[in-house]
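Q: Structure here, sequence nowhere to be found:
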């Protein structure tokens with residue numbers, strides 16, 4: 001190696017050592033220096049996001065506490081007594097087999113329970129607030145207050161939160177069978193509107209439907225069941241009363257089934273703004289720990305006829 005090459009080599013080594021030293025001294029590392037960024041530059045945007053979210057929550061709560069609830073959003077739909085086909089031979093293992101099930105007449109909320117309604121419940125009872133957290137990194141911190149609009153479905157509620165609200169309204173959570181009949185009717189519909197896949201007819205994954213997150217509970221006129229019940233395909237997933245059991249359809253009673261007596265998970269029905277149209281099928285079943293809360297899960301209530 002010539003003398004000039006040796007000097008060039010030593011200069012490169014010294015340069016790298018200086019960069020490493022500066023990274024340690026500044027509390028960062030070589031990656032920070034090479035990228036031209038300091039250790040704390042990433043913290044500032046996060047702090048700003050948290051500040052924006054805090055202000056957003058404050059403003060949203062003020063609106064929710066002052067809004068007057070329109071009685072139309074309290075409407076219930078009567079589902080007449082009779083048989084329907086529960087499950088499907090073309091779905092997942094836990095959706096099989098198809099079974100004819102007979103239900104007594106009952107009522108179910110036309111709309112998902114809204115933030116305005118839930119905050120009214122909180123004011124009257126002192127119940128805890130919903131817990132709004134991002135879902136799998138799909139929601140930015142500063143966007144969380146966007147969910148807290150009066151006519152949007154309440155999210156961030158556990159199974160117990162939902163059951164408590166329904167009890168306060170002198171109602172209850174629907175059974176899984178009641179939810180499915182209200183969604184698909186007696187003609188075995190794949191989706192509440194029929195058997196044709198229509199991407200824009202429900203609030204599902206993507207912004208092509210006009211909403212990045214949740215939508216007002218009466219917005220999607222096509223996402224309506226044969227009985228006139230809204231948002232049973234999209235908007236938010238919904239807690240129902242049943243414990244989850246994968247093989248339950250093989251043993252369920254053919255008259256007014258209420259689910260297993262115990263379990264680890266509760267059943268969720270319907271899809272959310274973050275799900276595909278396949279998950280929005282009227283027979284699709286999901287499970288979740290009852291204490292879980294996030295921005296994809298809400299509920300509606302039912303009442304015996």
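A: Sure thing, it's come through. Please read these numbers as outputs of a predicted model, since none were measured by experiment.
Q: for the stretch 51-200 of the chain, what spans make up the helices?
A: 115-125, 159-168, 176-184 (DSSP state H, counting those that start in this stretch).
Q: Of all the ones you listed, which one is nearest residue 54?
A: helix 115-125 (17.7 Å; C-beta to C-beta). All C-beta atoms are positioned from the backbone trio N, CA, C, and that covers glycine.
Q: returning to what we had before: would TSV of the helices of the stretch 51-200 of the chain with mean neighbour count and distance to residue 61 be doable?
A: Listed next are the helices of the stretch 51-200 of the chain as TSV, based on neighbours: other C-beta atoms under 10 Å; distance: least, C-beta to C-beta, whole Å:
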stretch	mean neighbour count	distance to residue 61
helix 115-125	19	8
helix 159-168	19	17
helix 176-184	26	30
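Q: Between these, which one is closest to residue 301.
A: helix 159-168 (4.0 Å).
Q: Please give the centre-to-centre distance between the closest one and its chain.
A: Relative to the chain's own centre, helix 159-168 is displaced by 17 Å; criterion: C-alpha atoms, centre = their mean, to the nearest Å.
Q: other SSEs contacting that helix?
A: Contact partners of helix 159-168 among helices and strands, from 3 or more C-beta pairs under 8 Å, 6 or more residues apart in numbering; DSSP states H and E: helix 115-125, strand 237-243.
Q: Now distance to residue 276 and mean pLDDT too, for the ones you listed, in TSV please.
A: Putting those into TSV (distance: least, C-beta to C-beta, whole Å; pLDDT from 0 to 100) gives the following:
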stretch	distance to residue 276	mean pLDDT
helix 115-125	25	98
strand 237-243	13	98
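Q: can you count the residues close to residue 219?
A: Using other C-beta atoms under 10 Å, residue 219 has 17 neighbouring residues.
Q: can I assume it is in contact with residue 200?
A: No: under the criterion of C-beta atoms under 8 Å, residue 219 is not in contact with residue 200, lying 11.8 Å apart.
Q: Using CSV, please lay out the helices of the stretch 51-200 of the chain together with distance to residue 206.
A: Formatted as CSV, the helices of the stretch 51-200 of the chain follow (distance: least, C-beta to C-beta, whole Å):
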stretch, distance to residue 206
helix 115-125, 23
helix 159-168, 27
helix 176-184, 22
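Q: Leaving out chain neighbours, which residue sits closest to residue 138?
A: Excluding its sequence neighbours, the residue lying closest to residue 138 (C-beta to C-beta, 6 or more residues apart in numbering) is residue 274, at 6.0 Å.
Q: State the helix or strand in which that neighbour lies.
A: Taking DSSP states H and E as the definition, residue 274 sits outside all helices and strands.
Q: so what pLDDT did it get?
A: pLDDT recorded at residue 274 is 95.
Q: ok, now how distant is it from residue 161?
A: 20 Å (C-beta to C-beta, to the nearest Å).
Q: before we move on, what about residue 143?
A: With C-beta to C-beta as the criterion, residue 143 and residue 161 are 22 Å apart.
Q: In the stretch 51-200 of the chain, what residue spans correspond to strands?
A: 76-79, 82-86, 99-103, 106-109 (DSSP state E, counting those that start in this stretch).
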